[in-house]
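**Q** structure, please.
(one chain, ligands or ions: 1)
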Amino acid sequence: MVLEAQKSAISSATLPQVQVGNLPFRRCWAEINLLAFQSNIAAICHFLPNSVEYCAVVKADAYGHGAGPIAAAAFAGGVQLFAVANPIEARQVLTAAPQARALVFGSLFADELEAFADERMIATVSNEEEAVLLEQLAQRLNRKLALQLKIDTGMGRLGIWHDQALPLYQRLRSSPWLRIEAVYSHLPQADCNLAYTLAQKEQFQSILAELRQWDKGNQRIISHIDNSAGLTTFNTFPNHGIVRVGLLQYGENPMTGTEAPPVAVQPILSWYARVGMVKTLPTGTAISYGGRHTLARQSRVAVLTVGYGDGYGTALSNRAEVLLHGRRCPVLGRVTMDQIMVDVSELSTSPKAGDVATLIGTDGLEQITASELAARSGAIPWEIFCALSPRVKRIYRHD
Ligand SMILES: Cc1ncc(COP(=O)(O)O)c(C=O)c1O
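**A** Next up is the predicted model:
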């Protein structure tokens, strides 16, 4: 829980010592600003009532930002609850933040069950089969196990469908081996469909009322439904006890289109590559595989050390721009595995081998965000971050 005292401690928190490494080479790398990350969490917590617990969503290697350093920085900033997709991710996070707890969003499998013997890991239960599995583990361990019950209010993914939630809740409550720690649901359209989201939230409220009506002994059932985009309607309904924040804490806007983010945050990740060579090519030259770009004039072309092997997807071919010397330069032709070509004809001085190009981040007055790359390639910003491959060295900064 990020309490008031912890909020103020965030700015002065001792930052985790993260291994930067000695950078044997830099061809394509991402710089992640952990101080900006902590500021984003502080800003989101400031927006929330003190009674609300902040759950940092750090699945998929913290959306490509690096689960270990991100979890350690969040924990140093007061976060004690994390959410991940599976037990392996949970272990990674709990190694970096040993005093924290990790909610596992994903399905429960018999062959992964033993992981939940770790009391810091919380399983999600969506049906009878998962309840039985968890009960079996609890019996083997001879102690109660905590769980969170997931209710599907309109995502069509995990969770018990809402009109069958009460019997499952009753069954879990009457088990001597299980303890329901919270009940949660998920919002699939909070970024783009207000009416749908409000209806879903109402549906969730009425289920919670039903559960409370049956369960006189547990009137204060902890509940949660808000993700980053859900925070835009956080104040519309009686507050839930937890919020699960992913994209927003990494400094990206979760809203579709031009809608402002629910809280002002700053990007924390910059992505760079270097100029490998520069050459002047004649009018009519076909650039890259498939000849999908032909030069309409004599052009100066720079070859950059990034490709789809780094996560710069082919959907960005002929569509994206990079920043060089503070100016936008268009990507020419198809993105290849290790390199892309960009048009640098408009730059007043020619770049040279070794110069740094910005793929995501700021250079002078220009900025490219993950949202921009997503819009240009028909993707979503979550996907742009997650696509960054292991070849892209992550460098952690604290300024
Ligand atoms: C169940 C659940 N809750 C919360 C989140 C966080 O979403 P966001 O990154 O939009 O904040 C996710 C992410 O996909 C999720 O699957």
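
**Q** from residue 245, how far off is residue 48?
**A** Separation of residue 48 from residue 245 (CB to CB, to the nearest Å) stands at 10 Å. C-beta: built from backbone N, CA, C; applies to glycine.

**Q** what do those two both touch?
**A** Listed contacts common to residue 48 and residue 245 are residue 54; contacts here mean CB atoms under 8 Å, 6 or more residues apart in numbering.

**Q** of these two, who's got more company?
**A** Applying other CB atoms under 10 Å to residue 48 and residue 245 shows that residue 245 carries more neighbours, namely 28 against 20.

**Q** so who does the closest residue to the more buried one other than its chain neighbours touch?
**A** Excluding the flanking residues, the one nearest residue 245 by CB to CB, 6 or more residues apart in numbering is residue 228, at 5.5 Å. Residues in contact with residue 228, defined by CB under 8 Å, 6+ apart, are 245-249, 254, 261-262.

**Q** what residues does the residue of the stretch 101-250 of the chain found nearest the ligand make contact with?
**A** Minimum separation of the stretch 101-250 of the chain from the ligand (CB to the nearest ligand atom) falls at residue 246, amounting to 2.3 Å. Contact analysis of residue 246 by CB under 8 Å, 6+ apart lists 57, 59, 63, 227-228, 254, 382.

**Q** in strands, which of those appear?
**A** Helix and strand membership here follows DSSP state E; of the contacts of residue 246, those in strands are residue 57.

**Q** of the contacts of residue 246 - the most surrounded one?
**A** Each of those was scored for neighbours by other CB under 10 Å, and residue 228 scores highest at 28 neighbours.

**Q** got the phi and psi for that residue?
**A** Backbone dihedrals for residue 228, given as degrees, to the nearest 10, come out at phi -60, psi -50.

**Q** any idea what the residue in the stretch 1-150 of the chain positioned nearest to the ligand is bridged to?
**A** Among the residues of the stretch 1-150 of the chain, residue 57 lies closest to the ligand, at 4.2 Å counting by CB to the nearest ligand atom. Beta-bridge pairing for residue 57 (DSSP bridges): residue 83.

**Q** quick one: pLDDT of it?
**A** At residue 57 the predicted local confidence, pLDDT, stands at 98.

**Q** show me what contacts it?
**A** Contacts were defined as CB under 8 Å, 6+ apart; by that measure residue 57 touches 63, 82-83, 227, 244-246, 249.

**Q** grab the two from those that are most spread out in space.
**A** When these are compared pair by pair using CB to CB, the two farthest from each other are 82 and 227, 14.3 Å apart.

**Q** including pLDDT, could the contacts of residue 57 go into JSON lines?
**A** Rendered in JSON lines, the data for the contacts of residue 57 read as follows (pLDDT from 0 to 100):
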{"residue": "63", "pLDDT": "98"}
{"residue": "82", "pLDDT": "98"}
{"residue": "83", "pLDDT": "98"}
{"residue": "227", "pLDDT": "98"}
{"residue": "244", "pLDDT": "98"}
{"residue": "245", "pLDDT": "98"}
{"residue": "246", "pLDDT": "98"}
{"residue": "249", "pLDDT": "98"}
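
**Q** now, which of those lie within helices?
**A** The helices, defined by DSSP state H, take in residue 63 from these.

**Q** of the contacts of residue 57, closest to residue 266?
**A** Minimum distance to residue 266 across those is 10.8 Å, recorded for residue 249 (CB to CB).

**Q** name the nearest residue to that closest one, ignoring sequence neighbours.
**A** Using CB to CB, 6+ apart, the nearest residue to residue 249 is residue 40, at 5.1 Å.

**Q** surely that neighbour touches residue 250?
**A** Yes - using CB atoms under 8 Å, residue 40 makes contact with residue 250 at a distance of 7.4 Å.

**Q** intersection of neighbour lists for these two?
**A** Residues touching both residue 40 and residue 250 (CB under 8 Å, 6+ apart): residue 268.

**Q** for those two, indicate the residue with more neighbours.
**A** In terms of neighbours (other CB under 10 Å), residue 250 is the more surrounded of residue 40 and residue 250; the figures are 28 against 24.

**Q** helix or strand right after the helix or strand where residue 151 lies?
**A** Using DSSP states H and E, the secondary-structure element containing residue 151 is strand 145-152. Sequence-wise, the next helix or strand downstream of strand 145-152 (DSSP H and E) is strand 160-161.

**Q** return the list of helices and strands in contact with that next one.
**A** Strand 160-161 sits against strand 145-152, with contacts defined as 3 or more CB pairs under 8 Å, 6 or more residues apart in numbering; DSSP states H and E.

**Q** got a list of contacts for the strand it packs on?
**A** Counting by CB under 8 Å, 6+ apart, 103, 116, 119, 122-126, 131, 134, 137-138, 158-162, 165, 168-169, 172, 177-186, 204, 207 sit against strand 145-152.

**Q** counting only helices, which of the residues you listed make the cut?
**A** With helices identified by DSSP H, the entries of the contacts of strand 145-152 that belong to them are 131, 134, 137-138, 165, 168-169, 172, 204, 207.

**Q** which residues of the stretch 251-399 of the chain lie near the ligand?
**A** By the criterion of CB under 6 Å from any ligand atom, the positions of the stretch 251-399 of the chain lying close to the ligand are residue 254.

**Q** what segments of the stretch 251-399 of the chain are strands?
**A** With DSSP state E, counting those that start in this stretch as the definition, the stretch 251-399 of the chain shows strands at residue ranges 269-281, 286-287, 293-294, 299-304, 321-324, 327-332, 340-343, 356-363, 366-368, 393-397.

**Q** of the contacts of strand 145-152, list those near the ligand.
**A** Subset of the contacts of strand 145-152 in contact with the ligand: residue 186, counting by CB under 6 Å from any ligand atom.

**Q** returning to that earlier point: residue 287 versus the residue of the stretch 1-150 of the chain closest to the ligand, what's the distance?
**A** Between residue 57 and residue 287 the computed distance is 39 Å (CB to CB).

**Q** residue ranges with poor pLDDT in this structure?
**A** Applying pLDDT under 70 to the chain picks out residues 1-25.

**Q** mark out where each domain of it begins and ends.
**A** What the record gives for the chain is the domain set 4-12+34-250, 269-397, from automatic domain parsing.

**Q** report the contact partners of residue 108.
**A** By CB under 8 Å, 6+ apart, the contact set of residue 108 is 116, 123-125, 130, 133-134.
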